[in-house]
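**Student:** I would like the atomic coordinates for the input below:
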Amino acid sequence: MTFQLQHTDSNSNARAGLIHTDHGDILTPIFMPVGTVGSVKAVHIPELQDDIKAQIILGNTYHLYLRPGLDTLRAAGGLHNFNGWQHPILTDSGGFQVFSLTGTRKMKEEGVTFQSHIDGSRHLFTPERTVDIQRVIGADIIMAFDECTPGTADYRYAKESLMRTQRWLERGITHFRETEPLYGYSQTFFPIVQGCVYPDLRTEAAKFVTQFETDGYAIGGLAVGEPTEKMYEMIEVVNEILPKDRPRYLMGVGTPQNILEGIERGVDMFDCVMPTRNGRNGMLFTWQGTINIKNQKWANCFEPLDEQGTSYVDRQYSKAYVRHLFHANELLGMQIASIHNLAFYLELVTQARKHIANGDFKQWKDSIIGQLAKRL
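**Tutor:** Predicted coordinates:
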């Protein structure tokens, strides 16, 4: 994987670049739709490619390991062949999922033993094992196994957690460099910067990961309960240290406003379940603000979902019709909302890239961010 920094904004740390992988190029800043179990919920691959214009999607090590399982993925030749997505894929190592299983997992220096949420069977994830699993999945970008520290953790626990994450990183990257891809194309490995909401821990973590000189770096453990302003502060602390010639991935964030604020602070890659999860519950993100499409006020509104929307669903369906689908419990309503929201997120980062290239990103972002936060 390579990264070329192409443009920088004149009034902020926003950047635009090009990530090259063996499955294609990615223009940054980029939003990555989440396909936890190998599918972006309610969205077909052709819609992802042609309408939403996604360039890279995510899979999840924990979920794919449990189902369909490694034997099936290996027999298919990896996730690209299994689900038909022939563009870049990034896999989360499963750390967040494992550590969210409080009460059914046990952590020790070797790794984490946990119970499957499917059948209660017990499994062990180690830094080395998660590399092996992601080799089988076949992602272009694979993530280090870390502990996702809660945003409310006290300093002592955050410090202990970070030290463990760093020891695991050393083991994981050593194993990655001692193993080979399985399917004839290259894979790369991103460390994850942890440290909770403590600037000195974040500084230490960012300095620690850079010594490995990897192709890119991730910022984890944010949007997990800490105040939003703390999240922005931690991004600034970390991005002052991470190399400018490598992509920076902010994990699991977030709202359109979060994404624009992250871009302003020098983040290149984002993912979040919000566009699809909120869409399935009737929330639409638009250039005018957010809409709860289930509300009575849309019952006789025959306008497009978003006058400025770029997706075919914005041209095809009215607010009144989509509201009707939700109230009739028709699955099509959830599908339309998911496609609309993902297309909006991809258009948001596309417009951000254009304004970075023009040198006026900061002015553009400041002019629209208040509107995006409105509830209509």
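
**Student:** For the stretch 251-376 of the chain, which segments count as strands?
**Tutor:** Listed in chain order, the strands of the stretch 251-376 of the chain (DSSP state E, counting those that start in this stretch) span 269-271, 283-286, 289-292.

**Student:** Pull out the CA atoms of the last one and give them to me as PDB.
**Tutor:** Taking Å, rounded to 0.1, in the frame of the first residue of the first chain, the C-alpha atoms of strand 289-292 are listed here in PDB:
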ATOM      1  CA  GLY A 289     -30.200  18.700   8.500                       C
ATOM      2  CA  THR A 290     -31.500  15.400   9.900                       C
ATOM      3  CA  ILE A 291     -35.000  14.000   9.400                       C
ATOM      4  CA  ASN A 292     -37.000  11.500  11.400                       C
END
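
**Student:** on that earlier part again, adding mean neighbour count as columns, could you present the strands of the stretch 251-376 of the chain in JSON lines?
**Tutor:** Quick note: C-beta positions are derived from backbone N, CA and C, even for glycine. Compiled in JSON lines, those are given as follows (neighbours: other C-beta atoms under 10 Å):
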{"stretch": "strand 269-271", "mean neighbour count": "24"}
{"stretch": "strand 283-286", "mean neighbour count": "23"}
{"stretch": "strand 289-292", "mean neighbour count": "18"}
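
**Student:** would you turn these into a markdown table with distance to Ala320?
**Tutor:** What follows is these, written out as a markdown table (distance: least, C-beta to C-beta, whole Å):
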| stretch | distance to Ala320 |
| --- | --- |
| strand 269-271 | 32 |
| strand 283-286 | 13 |
| strand 289-292 | 12 |
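
**Student:** which residues touch the closest residue to Ile118 other than its chain neighbours?
**Tutor:** Spatially, and ignoring its direct neighbours in sequence, Ile118 is nearest to Leu66 (5.7 Å; C-beta to C-beta, 6 or more residues apart in numbering). Contacts for Leu66 (C-beta atoms under 8 Å, 6 or more residues apart in numbering) come out as Ser116, His117, Ile118, His123.

**Student:** Can you report how many residues neighbour the third one?
**Tutor:** Right, the one you point to is Ile118. 9 (other C-beta atoms under 10 Å).

**Student:** Test my guess that it contacts Arg67.
**Tutor:** Yes. Using C-beta atoms under 8 Å, Ile118 is in contact with Arg67, at 6.4 Å.

**Student:** What residues sit buried inside stretch 159-178?
**Tutor:** Buried residues in stretch 159-178, counting neighbours by 16 or more other C-beta atoms under 10 Å, are found at 159, 161-166, 168-169, 171-173, 175-176.

**Student:** ok, Gln49 - contacts?
**Tutor:** His87.

**Student:** pLDDT at it, what is it?
**Tutor:** Looking at Gln49, its pLDDT is 96.

**Student:** In a helix, it, correct?
**Tutor:** Yes. Looking at Gln49 with DSSP: H, G, I helix; E, B strand; the rest coil, it is inside a helix.

**Student:** how far away is it from Gln308?
**Tutor:** 22 Å (C-beta to C-beta, to the nearest Å).

**Student:** returning to that earlier point: tabulate the strands of the stretch 251-376 of the chain (a markdown table), appending distance to Gly111 and mean pLDDT.
**Tutor:** Shown next, in a markdown table, are those (distance: least, C-beta to C-beta, whole Å; pLDDT from 0 to 100):
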| stretch | distance to Gly111 | mean pLDDT |
| --- | --- | --- |
| strand 269-271 | 24 | 98 |
| strand 283-286 | 37 | 98 |
| strand 289-292 | 40 | 98 |
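
**Student:** Pull the number of nearby residues for Lys362.
**Tutor:** 17.

**Student:** Grab the nearest non-local neighbour of it.
**Tutor:** Asn11 (3.9 Å).

**Student:** What about that neighbour, how many residues nearby?
**Tutor:** By the criterion of other C-beta under 10 Å, Asn11 has 13 neighbours.

**Student:** for Gln86, same thing?
**Tutor:** For Gln86, the count of nearby residues is 12 (other C-beta under 10 Å).

**Student:** if I look at the closest residue to Tyr155 other than its chain neighbours, how far off is Asn258?
**Tutor:** Nearest residue to Tyr155, sequence neighbours excluded (C-beta to C-beta, 6+ apart): Tyr198, at 5.9 Å. Applying C-beta to C-beta, the value for Tyr198 to Asn258 is 20 Å.

**Student:** my guess is Asp314 meets His340, correct?
**Tutor:** Yes. Counting by C-beta under 8 Å, Asp314 touches His340, with 6.3 Å between them.

**Student:** where along the stretch 51-200 of the chain do the helices fall?
**Tutor:** 61-66, 70-76, 79-83, 95-100, 127-137, 155-178, 199-210 (DSSP state H, counting those that start in this stretch).
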